[in-house]
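# Got a predicted structure plus its sequence, pasted below:
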Amino acid sequence: MRSLSRSPSVSKEGRQTAPPCAQRSRTPPDPAPSAPALAASHGRTLRLRFSGCPLRSSSRLTAASLRRHAGRRLLCAPLLHPIRTTNPEAPLAATSAESLHAAMRRSPPPLQSLLTCVWFTFSDFSHPYPLWSLGKNEAFLSIEIGSLVLVIATLSSKKKTTKWAPCLQTSGGSISDLLTNVSDLMGHSATVWELKSEFEVAKDWNGIDQVILRVPRGASARVSLHGGQVISWRNERGEELLFTSSKAIFKPPKAMRGGIPICFPQFGNCGSLEQHGFARNKIWSIDNDPPPLHPSDNDGKVFVDLLLRPTEEDLKCWPHCFEFRLRVSLAMNGDLTMISRIRNIDAKPFSFSYAYHTYLSVSDISEVRIEGLETLDYLDNLCNRQRFTEQGDAITFESEVDRIYLSAPNIIAVLDHEKKRTFVIRKEGLPDVVVWNPWEKKSKSMADLGDEEYKQMLCVDAAAIERPITLKPGEEWTGRLELSVVPSSYCSDDLDHLRGI
Ligand SMILES: O=P(O)(O)OC[C@H]1O[C@@H](O)[C@H](O)[C@@H](O)[C@@H]1O
């Protein structure tokens with residue numbers, strides 16, 4: 001049985017900053033476990049539900065039964081385009097649905113009792129889609145949108161005809177649920193296939209490791225072990241979504257200007273520590289055995305877990321023992337999630353403030369507005385943190401802004417009119433939102449920011465500042481940030497809907 005690898009093996013980005021020899025994959029491809037081994041290691045049973053209609057476990061899964069149960073949710077998909085395989089290990093090389101099927105007949109999947117996956121692309125789409133074969137004569141093609149699995153086509157052959165059926169939407173769940181359910185339905189032992197996260201590690205020019213996360217449809221993220229800082233987040237078209245200064249200094253001990261530095265255990269200069277705390281200037285390690293997160297935080301995502309523990313030197317200026325675990329993950333649709341877990345492993349309580357200092361890349365700051373912070377109180381860093389109340393409808397920019405909005409909603413939107421795209425920021429455990437743009441004068445005084453670059457950046461940070469987090473010994477705090485990008489036309493009503501208004 002071939003391994004079920006979720007990531008294509010091709011590396012594009014890694015080559016830009018490090019010679020290929022410096023790269024290595026921390027997670028080798030799955031060693032092709034046998035069916036009993038999979039069953040023994042997981043062994044959960046689930047029921048198949050397409051569009052909320054349970055199929056009897058005795059049912060045979062056919063294109064027709066899928067269609068029947070999909071009901072009105074049938075969608076049309078571009079099914080008649082030529083197909084080519086992208087997985088070099090895939091047994092199929094087909095240029096049309098018919099030849100794909102013919103190839104399948106010539107080279108049936110080696111273990112028909114289990115699903116087999118090959119990646120392929122439609123010629124007019126750049127993203128590989130997984131095709132899951134259900135034995136010799138049937139297959140389905142699926143994509144993932146967040147945690148939803150969308151089966152966009154099924155392929156079945158009877159006698160001499162090959163049929164692509166249009167698609168249906170599952171009622172939710174992850175690809176592993178879907179696979180388990182399908183194998184259950186087919187009458188085989190049910191297995192949950194935990195598809196392993198894969199990432200590459202490349203050295204930067206200072207010899208510090210950077211982790212590259214990549215999903216099959218092309219989105220990627222890069223995380224530096226210097227600061228645990230996300231330094232790049234690209235969409236499936238390869239466009240960079242985070243700002244990085246052209247004058248950024250990629251050298252410890254200072255944080256690089258751009259990406260998402262982590263401010264901990266102090267935000268700004270309110271405290272005895274260096275500005276924004278020390279976490280962004282420390283070298284983190286990869287945590288190969290983190291305590292488990294909720295299963296939905298693993299599903300359908302490529303991720304890396306990082307760990308920061310205080311050094312002797314850190315303890316001298318901040319005498320509190322902690323473990324800081326950071327998960328950075330990329331969903332199949334390109335959404336970026338960061339989950340911070342900070343645990344007090346000391347004998348006494350401690351308090352800290354926190355921010356994901358997120359530099360969004362924007363077309364032009366004067367074309368940008370933030371929705372979700374209107375009417376809130378804020379502390380103005382430009383006026384000794386005096387408290388004001390926001391008056392406007394939405395926040396727009398005409399001069400330097402440096403504010404901490406208090407008790408902000410958990411979803412806010414940053415609309416970029418020129419790019420016609422909206423960043424949607426979802427946060428949990430982080431009540432405040434910092435909005436910062438240095439504008440012209442301040443930019444000129446900053447050595448690591450180009451004079452005009454303030455126009456292309458906007459910091460919108462999910463944060464906990466006004467009321468620091470206090471942890472008693474043994475307690476843990478979790479702060480979560482999820483970033484996604486949607487077309488601007490999606491906004492307003494849809495965002496209200498997301499917010500539950
Ligand atoms: O230059 P630093 O330390 O990265 O900080 C940049 C800015 O970060 C923002 O979050 C602060 O609100 C600003 O006051 C600060 O100037």
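That came in fine, so what should we check first?

# Now the element after the strand or helix carrying residue 339, going C-ward?
In the assignment (DSSP states H and E), residue 339 maps to strand 336-344. Once strand 336-344 ends, the next helix or strand along the chain (criterion: DSSP H and E) is strand 350-356.

# Quick one: work out the angle between that next one and strand 336-344.
Relative orientation of strand 350-356 versus strand 336-344 (axes from the mean of the first three to the mean of the last three Cα atoms, to 10 degrees): 170 degrees.

# helices or strands next to the helix or strand that strand 350-356 is followed by in the packing?
Going down the chain from strand 350-356, the next helix or strand is strand 359-361, by DSSP H and E. Using 3 or more Cβ pairs under 8 Å, 6 or more residues apart in numbering; DSSP states H and E as the contact test, the elements touching strand 359-361 are strand 457-471. Where you see a C-beta, it was placed from the backbone N, CA and C, and this is true even at glycine.

# tell me which residues of the strand it packs on are tucked away?
Neighbour-count burial for strand 457-471, counted by 16 or more other Cβ atoms under 10 Å, picks out 457-466, 468-469, 471.

# helices or strands next to the following helix or strand past it in the packing?
For strand 457-471, the succeeding helix or strand toward the C-terminus, using DSSP H and E, is strand 476-487. Counting contacts by 3+ Cβ pairs under 8 Å, 6+ apart, strand 476-487 packs against strand 336-344, strand 350-356, strand 421-428, strand 457-471.

# Would you mind telling me which of these is nearest residue 237?
Checking the helices and strands packed on strand 476-487 against residue 237 by Cβ to Cβ gives strand 421-428 as the closest, at 11.3 Å.

# Give me the distance between residue 319 and the ligand.
To the ligand, residue 319 is 23 Å away according to Cβ to the nearest ligand atom, to the nearest Å.

# Determine which two of the buried residues of strand 457-471 are furthest apart.
Counting by Cβ to Cβ, the most remote pair of the buried residues of strand 457-471 is 457 and 471, 32.6 Å apart.

# How is this structure partitioned into domains?
Structural domains assigned to the chain are 28-185, 199-499, following automatic domain parsing.

# Kindly report the residues of the stretch 251-400 of the chain close to the ligand.
Of all the residues in the stretch 251-400 of the chain, those in contact range of the ligand (Cβ under 6 Å from any ligand atom) are 268, 275-276, 357, 381.

# Quickly find the element holding the closest residue to the ligand within the stretch 301-450 of the chain.
Nearest to the ligand, among the residues of the stretch 301-450 of the chain, is residue 436, at 4.1 Å (Cβ to the nearest ligand atom). Per DSSP H and E, residue 436 falls inside strand 432-437.

# Kindly report the same for residue 388.
Taking DSSP H and E as the definition, one finds residue 388 inside strand 386-389.

# That strand - what's its average pLDDT?
Averaged over strand 386-389, pLDDT sits at 96.

# ok, now stretch 341-354?
The model assigns stretch 341-354 a mean pLDDT of 97.

# Show me what it is in contact with.
With Cβ atoms under 8 Å, 6 or more residues apart in numbering as the test, stretch 341-354 has contacts from 262-267, 270-271, 277, 291, 320-327, 340, 430, 463-465, 468-479.

# Which of those are buried? Put it as a PyMOL command.
One line in PyMOL is enough to select the buried ones among those; burial here means 16+ other Cβ under 10 Å:
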select buried, resi 262+263+264+265+266+267+271+277+320+321+322+323+324+325+326+327+340+430+463+464+465+468+469+471+477+479
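
# OK, contacts around the residue nearest to residue 366 when sequence neighbours are not counted?
In space, and not counting its chain neighbours, residue 366 is closest to residue 397: 6.4 Å by Cβ to Cβ, 6 or more residues apart in numbering. By Cβ under 8 Å, 6+ apart, the contact set of residue 397 is 365-366, 368, 437, 439, 458.

# Please apply the same query to residue 252.
When contacts are counted by Cβ under 8 Å, 6+ apart, residue 252 is found next to 206, 208, 226, 281, 283.

# give me phi/psi at it?
Per-residue torsions, residue 252: phi -60, psi 150 (degrees, to the nearest 10).

# gap between it and the ligand?
14 Å.

# so who does residue 379 touch?
Contacts of residue 379 by Cβ under 8 Å, 6+ apart are 385-387, 403-404, 406, 465-466.

# Out of the residues you listed, give me the two with the largest separation.
With distances taken as Cβ to Cβ, the most widely separated pair in the contacts of residue 379 is 386 and 465, at 14.8 Å.
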